[in-house]
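> From the sequence below, what's the structure:
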Amino acid sequence: MDWSRYPNFKESEFACSHCGKTEMDADFMFRLQLLRARYNKPLTISSGYRCPQHPIEVKKTSSGAHTTGKAADIAVQGAEAHKILMLALDMNFKGIGVQQKGTGRFIHLDDWDNNRPTVWSY
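Modelled structure (predicted):
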């Protein structure tokens, strides 16, 4: 994948914390870059690609959107989380997860084709 197409991101931000692979989907990354341009501020990626053997994925009954390279979690909270949420809804991301309590707050975005669109909270 040509990471120069996504000037606001580094490949290392999306690497699986279990195996180090970075198998992100180019179309999803294009949309994430567009989101970043519309937001006009840096985005902190807390989780990108996850291999099927990643500890979080292994606990699931079936692999999730992160294993397809069509998902990312953005570390954000408060008013900035609201801004990203509104942009994501406007851009029609298929999956939007909201974790805005306690520590480790984030917005999950994905374009996974798995009976979507949907929004959920953690």
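> Pull the contacting residues for Arg50.
Applying Cβ atoms under 8 Å, 6 or more residues apart in numbering, we find Arg50 in contact with Cys16, Ser17, His18, Ile56, Glu57, Gly64, His66, Thr67. Where you see a C-beta, it was placed from the backbone N, CA and C, and this is true even at glycine.
> The residues you listed: which two are farthest apart?
Ser17 and Gly64 (14.8 Å; Cβ to Cβ).
> on that earlier part again, let's see if you can find the most crowded of the contacts of Arg50.
His66 (25 neighbours; other Cβ atoms under 10 Å).
> ok, and the closest non-adjacent residue to it?
Arg50 (3.9 Å; Cβ to Cβ, 6 or more residues apart in numbering).
> can you check Asp113 too?
Nearest one to Asp113, counting by Cβ to Cβ, 6+ apart, is Lys94 at 7.1 Å.
> And for this protein, the residue most distant from the center?
Most distant from the centre of the chain: Thr61, at 20.3 Å, with distances by Cα atoms, centre = their mean.
> what residue lies at the spatial centre of the chain?
Ala72 (1.3 Å).
> Buried ones in stretch 75-92, by neighbour count?
Going by neighbour count (16 or more other Cβ atoms under 10 Å), the buried part of stretch 75-92 is Ala75, Val76, Glu80, Ala81, Lys83, Ile84, Leu85, Leu87, Ala88.
> Quick one: mean pLDDT over it.
Across stretch 75-92, pLDDT averages out at 97.
> just use 881 as the starting number from now, easier for me
Understood, numbering begins at 881; the last thing we discussed is stretch 955-972.
> what sits up against that stretch?
In contact with stretch 955-972 (Cβ under 8 Å, 6+ apart) are residues 911, 914-915, 918-919, 921, 923-926, 954, 976, 978, 980, 984-987, 989, 997.
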